[in-house]
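Visitor: Fold the stuff below for me.
(one chain, ligands or ions: 2)
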Amino acid sequence: MYNSYLDISPEVKAALDAHKPVVALESTIISHGMPYPKNVETALEVERVIRENGAVPATIAIIGGRLKAGLTPEEIEYFGKKGTAIAKASRRDLAMLVARGQDGATTVTTTMMIAHMAGIRIFATGGIGGVHRGAETTMDISADLEELAHTPVMVICAGAKAILDLPLTLEYLETHGVPVLGYGTEELPAFYSRHSGLKVDYRVDSPEELANALRVQSSLGLSGGMLVTNPIPEEYAMDGKGIDEAIEKALCMMKEQGIHGKEATPFLLATVKDLTGGESLESNIRLVCNNAALAAKTAAALVGMENAD
Ligand code: PSU
Ligand code: MN
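Guide: Ligands and ions are numbered 1, 2, ... in the order given. Below is the predicted model:
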């Protein structure tokens, strides 16, 4: 699909033209999700994991008003260093940032949009946005859920953080027709934890099964995305009280400080990280790499099936 505002990097373009596997990655996780320089190290490591598993990484961002699919290591360094000084770009921000020639860190929403424009169908990240706790009064529901309802990209994540109302997030996804798949599990993982006590819609056990599901969804002419929830590897999981207490405390602090809107998620992420120390950051990095490996294998399985057709 041609879009005059889109720049696909030469490596990503060559891979797409040759029907080779490509995996999209977001940039908000770099600028707003982790501190510098760990964010840059992680972004580069995630790209390496994707290559090791047979796919080409396409980190997505907005730079000087251009939509980018595929960043150079220098561009990743720039995003990591500028951090939260870069605008967090959701769907409503896209036209204004492009019109003004500004930079934007793409969330799950805008990464899905730009991946779709570029012809990339699989996207790996850490956690998605969802329905916030207290949404019945704040109406804070992430645009990520709406994007999953409309844009045909498979998002591979580790579930959603318990800063959100997970049961309501599942209800919202059901209403909007988004399949929630569990990789090797019937239970919805909750980011740092492998457990939430909630059920996914379907358990899926191989990259081939994921790729086939995406192919069928597309062949059926269904327009939305698919959400794959891949539990954090056992050895990095942080079950139990520490993380729950940190989340409760972060939610209280947010209320006290009157933080809302687009600041809510970055505030909660940073506060939970501060309260739990470096351990949660390390878990976060490991789960993103785990998702990147699964995404690369799924992208490889997808093109394998298509090239055999
Ligand atoms: N959840 C995480 N890590 C993240 C995000 C969410 O555990 O980095 C980021 C993603 O970019 C996601 C965005 O798309 O926050 C959601 O923001 P909001 O809740 O404002 O829609
Ligand atoms: Mn929000």
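Visitor: which one is residue 269 nearest to, not counting chain neighbours?
Guide: Nearest non-adjacent residue to residue 269, counting by CB to CB, 6 or more residues apart in numbering: residue 33, 6.1 Å away. The C-beta positions use only the backbone N, C-alpha and C, and glycine is treated the same way.
Visitor: Tell me the pLDDT of residue 2.
Guide: pLDDT recorded at residue 2 is 62.
Visitor: Check residue 239 too.
Guide: 79.
Visitor: that older thread, am I right that the residue nearest to residue 269 is in a strand?
Guide: No. Assigned with DSSP: H, G, I helix; E, B strand; the rest coil, residue 33 falls outside any strand and is coil.
Visitor: neighbours of it, just the number please.
Guide: The local packing of residue 33 (other CB atoms under 10 Å) involves 26 other residues.
Visitor: residue contacts, it?
Guide: With contact taken as CB atoms under 8 Å, 6 or more residues apart in numbering, residue 33 is in contact with 39, 126, 266, 269, 284.
Visitor: Low-confidence ranges, the stretch 101-250 of the chain, go.
Guide: The model of the stretch 101-250 of the chain has pLDDT under 70 over residues 240-241.
Visitor: can you rerun that using 90?
Guide: Counting by pLDDT under 90, the stretch 101-250 of the chain has low-confidence residues at 162, 239-244.
Visitor: how about the helices of it, start to end?
Guide: Assigned by DSSP state H, counting those that start in this stretch, the stretch 101-250 of the chain shows helices spanning 108-118, 135-138, 143-150, 166-175, 207-219, 241-256.
Visitor: just to revisit the earlier point, please tell me how far the residue nearest to residue 269 sits from residue 184.
Guide: As judged by CB to CB, to the nearest Å, residue 33 and residue 184 stand 25 Å apart.
Visitor: One more: residue 194?
Guide: Using CB to CB, residue 194 is found at 10 Å from residue 184.
Visitor: Likewise for residue 66?
Guide: Going from residue 66 to residue 184 by CB to CB gives 39 Å.
Visitor: Residue 202: how many residues sit nearby?
Guide: Applying other CB under 10 Å, we find 13 residues neighbouring residue 202.
Visitor: which residue packs closest to it, ignoring adjacent ones?
Guide: Take residue 202 and drop its neighbours on the chain: the residue closest to it by CB to CB, 6+ apart is residue 181, 5.2 Å away.
Visitor: In contact with that neighbour, which residues?
Guide: Going by CB under 8 Å, 6+ apart, residue 181 touches 200-204, 210, 213, 226-229.
Visitor: Pick out the residue closest to the middle of the protein.
Guide: Closest residue to the average C-alpha location of the chain: residue 125 at 3.3 Å, with CA atoms, centre = their mean.
Visitor: Spell out which helix or strand contains residue 96, please.
Guide: Take DSSP states H and E as the rule and residue 96 turns out to sit in helix 94-100.
Visitor: which other helices and strands contact that helix?
Guide: Here helix 94-100 touches strand 56-63, going by 3 or more CB pairs under 8 Å, 6 or more residues apart in numbering; DSSP states H and E.
Visitor: Up against ligand 1, what does this structure have?
Guide: Contact residues, the chain versus ligand 1 (CB under 6 Å from any ligand atom): 26, 28-29, 33, 107-109, 126-129, 142-144, 161, 191, 262, 265, 269.
Visitor: still on that earlier bit, of the helices of the stretch 101-250 of the chain, flag the one that's most buried.
Guide: Greatest average neighbour count among these goes to helix 108-118 (a mean of 26), per mean count of other CB atoms under 10 Å.
Visitor: what sits against the residue nearest to the centre of the chain?
Guide: 25-26, 29, 108, 111, 155-157, 288, 291.
Visitor: Pull the number of nearby residues for residue 203.
Guide: Neighbours of residue 203 (other CB under 10 Å): 14.
Visitor: list the contacts for it?
Guide: Taking CB under 8 Å, 6+ apart as the criterion, residue 203 is in contact with 181-182, 184-186.
Visitor: Just the buried ones out of these, please.
Guide: By neighbour count, with 16 or more other CB atoms under 10 Å, the contacts of residue 203 hold 181-182, 185 as buried.
Visitor: between these, which is nearest residue 133?
Guide: residue 182 (22.5 Å; CB to CB).
Visitor: Now the closest one. Nearest residue, chain neighbours left out?
Guide: residue 200 (3.6 Å).
Visitor: ok, that neighbour touching residue 229?
Guide: Yes. Assessed by CB atoms under 8 Å, residue 200 is found in contact with residue 229 at 6.1 Å.
Visitor: Please list all residues in contact with residue 273.
Guide: 34-35, 280-281, 284.
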